[in-house]
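Enquirer: quick one: sequence plus predicted model below, questions after.
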Amino acid sequence: MYSCKVEGVSKVVKSFRLYLTIILFAFSIVFSIAIAFFDYSKMHKQLHRTHAEKIDMIEDSILQSMFTVDEIFRIEEEKVGSSLERVLNELVDRYVEEPDLNTWDFTKLKEQYNMDIYFIDEQNTIVYSSFQQDIGLNFDECCGRFGKVLKERRLSGKFTHDSLDVEQSTGELKKFGYMPTRDQKYLIEVSHSMKEDEIFQTFSFLEKNKELEREYEPIQKIKVYSLTGAQLGSKDEDGVVKTIEDQFKPAFESVKYENKKKEVVVEENGEKVTHRFIPYISFKDRDYPIVRVIEIVYNEVELEGLLQFYKEEFVYQQIIIFYAAIILAIIVGGISAQPIHYALHDKLTGIKNRAAFDYELNKAVRKSHKKTHLMMLDVDNFKRVNDELGHSEGDRLLVDIANILNTTSKFGSMAARLGGDEFAVICTHMSREELHHHAEILLKHINEVYEEINREHQLEVSVSIGIADLYEDDTVKTFYDHADQALYKAKRNGKNQVQFYEDLDAIAE
């Protein structure tokens, strides 16, 4: 009779374990796959977001580089402007003496002044010039609003000069100055090449763009265009300035007139390539600001490779999850003590949780041991870690702190995580000197965890510690409150320090 009962109990236990194992297995599979799929979807979105942020960062870098260079040139241009004004005054005086431009030797004048010279008539057409390629160029036809600006300058009778700009035929970066003849029949234009200037060679944004192309794998090309579509600093094999490709002209015109960025996605060599066009305007305070269009050509080869990698990893992960779930279900089903362990330990860090802490604290107060101390630890500025570096980095740091508390705890001590970034240690059989030394060691080791993050991200994350001794008349509440008050005082005193509750009265005095 007895043996049958034992056998029946054994069968029930086995059936229960099998049933529990199956339930745990099914739950583990569904839960794990759901989490894995969620993580994969999250990673998929994160990769796209990171890729987009990288391109936006490059865009900001280009704009900032161009703006900085323009500001530097703006200072240098004032010196060049004085030289242009002097030459133009001489040319105006010469025109008064010799108004027949057919008799002028423009080649010789270019050699004399080391500048190209242009005469623009009342129709805004270049009719005479030392630069033969530009003769016949009409600014009303090619350059929109600039033609109107030239007419105003011809009638003003004053010297004017533009910021660094591109020459229409060569794409060369030059500084242009203007002065009308006294009869207002012509507007004389002179240009000074900046490419030989030391400041241009030092601060060329074109070189900065090339560095960005080399540094970032998705970037194929960065191009800068003038309003006419001429590409700055780029010529073909015949020495002709490259211009915007026909298929991208609609986007270029749209960006130029609407002042909004635009993207065109095309298929090139079997790859999806994006052409992003960005407006750039500098020196808005001038009557004719610098207006350019930037083109960033980038692909998604790197992104597609990462997506494929994580897709394969997701498949392997599911296989691992399947076998891991079987093993886990068998182990959990056979271990009855596991739920108790989970009930008393913090899931993230593995050390004791608040429930275990409350139990030990009550026991310590009941015994009223003379050498019992409560140490409260709180991470200073921890919210900034989660906000700026993400919760995963914050969780990692909490785990590191828990490990330090475990490894550095003395005999008779118990460490627990109370919640969030707050920890506690119940210490026994330690003198005050030993306790203070122990707290300083903890502070040192924990601060080492934050040293790299503080150095790289300037977060000023540290740890404050408050300590209270247990007295015979203490209750659980008063014992806890004393340690908490000491912790609060440590934070008020500047954080990153150890404060004893027994010292508070002395500090107050």
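Expert: In hand now; what should we look at?
Enquirer: elements contacting whichever strand or helix holds R154?
Expert: R154 belongs to helix 145-156 when elements are defined using DSSP states H and E. For helix 145-156, the packing partners by 3 or more C-beta pairs under 8 Å, 6 or more residues apart in numbering; DSSP states H and E come out as helix 139-142, strand 173-180, strand 187-193. Placement of C-beta: from N, CA and C, glycine included.
Enquirer: try it again with 10 Å
Expert: strand 116-120, helix 139-142, strand 160-161, strand 173-180, strand 187-193 (3 or more C-beta pairs under 10 Å, 6 or more residues apart in numbering; DSSP states H and E).
Enquirer: what's the closest of the ones you listed to Q220?
Expert: strand 173-180 (23.3 Å; C-beta to C-beta).
Enquirer: what angle do that closest one and strand 116-120 make?
Expert: Relative orientation of strand 173-180 and strand 116-120, computed by axes from the mean of the first three to the mean of the last three C-alpha atoms, to 10 degrees: 40 degrees.
Enquirer: list the helices and strands strand 173-180 packs on?
Expert: For strand 173-180, the packing partners by 3+ C-beta pairs under 10 Å, 6+ apart are helix 2-97, strand 116-120, helix 145-156, strand 160-161, strand 165-166, strand 187-193.
Enquirer: again, 6 Å this time
Expert: Contacts defined by 3 or more C-beta pairs under 6 Å, 6 or more residues apart in numbering; DSSP states H and E place strand 173-180 against helix 2-97, strand 187-193.
Enquirer: distance from it to the middle of the chain?
Expert: In terms of C-alpha atoms, centre = their mean, to the nearest Å, the centre of strand 173-180 is found 40 Å from the chain centre.
Enquirer: each with direction, which strands does it pair with?
Expert: strand 160-161 (antiparallel), strand 165-166 (antiparallel), strand 187-193 (antiparallel) (DSSP bridges).
Enquirer: closest one to H373 among those?
Expert: Of those, nearest to H373 by C-beta to C-beta is strand 165-166, at 75.4 Å.
Enquirer: what comes into contact with stretch 342-351?
Expert: 353, 356, 395, 398-399, 402, 415, 417 (C-beta atoms under 6 Å, 6 or more residues apart in numbering).
Enquirer: hmm, which of the residues you listed is lowest in pLDDT?
Expert: Lowest pLDDT among these: A356, with 83.
Enquirer: quick check: longest strand of the chain.
Expert: Of all the segments of type strand in the chain, defined by DSSP state E, the longest one is strand 271-282.
Enquirer: direction included, what does that one pair up with?
Expert: Note on strand 271-282: by DSSP bridges, its sheet partners are strand 262-268 (antiparallel), strand 290-299 (antiparallel).
Enquirer: just the C-alphas of the shortest one, formatted as PDB.
Expert: What it means is strand 262-268. What follows is strand 262-268, C-alpha atoms only, in PDB (Å, rounded to 0.1, in the frame of the first residue of the first chain):
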ATOM      1  CA  LYS A 262      15.400  67.600 -52.700                       C
ATOM      2  CA  GLU A 263      16.500  64.000 -53.300                       C
ATOM      3  CA  VAL A 264      16.600  62.000 -56.500                       C
ATOM      4  CA  VAL A 265      17.000  58.200 -56.300                       C
ATOM      5  CA  VAL A 266      18.400  56.400 -59.300                       C
ATOM      6  CA  GLU A 267      19.700  52.900 -60.200                       C
ATOM      7  CA  GLU A 268      23.400  52.900 -61.000                       C
END
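Enquirer: residues contacting it, please?
Expert: 248, 251, 254-255, 273-277.
Enquirer: closest to F146 out of those?
Expert: Among those, and counting by C-beta to C-beta, the member closest to F146 is V255, at 17.5 Å.
Enquirer: next, the contact list for the closest residue to the closest one other than its chain neighbours, please.
Expert: Using C-beta to C-beta, 6 or more residues apart in numbering and skipping the chain neighbours, the partner closest in space to V255 is F277 (4.4 Å). Residues near F277 by C-beta under 6 Å, 6+ apart: 251, 255, 262, 293, 295.
Enquirer: hmm, back to that, where among the helices and strands packed on strand 173-180 is average confidence lowest?
Expert: The minimum mean pLDDT among the helices and strands packed on strand 173-180 belongs to helix 2-97 (a mean of 70).
Enquirer: okay, the angle between whatever helix or strand comes next after it and strand 116-120?
Expert: Later in the chain than helix 2-97, the nearest helix or strand by DSSP H and E is helix 106-113. Angle, helix 106-113 to strand 116-120, by the same axes, to 10 degrees: 130 degrees.
Enquirer: pull out the buried positions in helix 106-113.
Expert: 106, 109-110, 113 (16 or more other C-beta atoms under 10 Å).
Enquirer: before we move on, what about stretch 492-509?
Expert: Buried residues in stretch 492-509 (16+ other C-beta under 10 Å): 495-501, 504.
Enquirer: in these, which has the lowest confidence score?
Expert: Across the set of the buried residues of stretch 492-509, L504 stands lowest in pLDDT, at 78.
Enquirer: mind listing what it touches?
Expert: Under the criterion of C-beta under 6 Å, 6+ apart, the neighbours of L504 are K489.
Enquirer: mind doing that once more with 7 Å?
Expert: Shown in contact with L504 (C-beta atoms under 7 Å, 6 or more residues apart in numbering): 485-486, 489.
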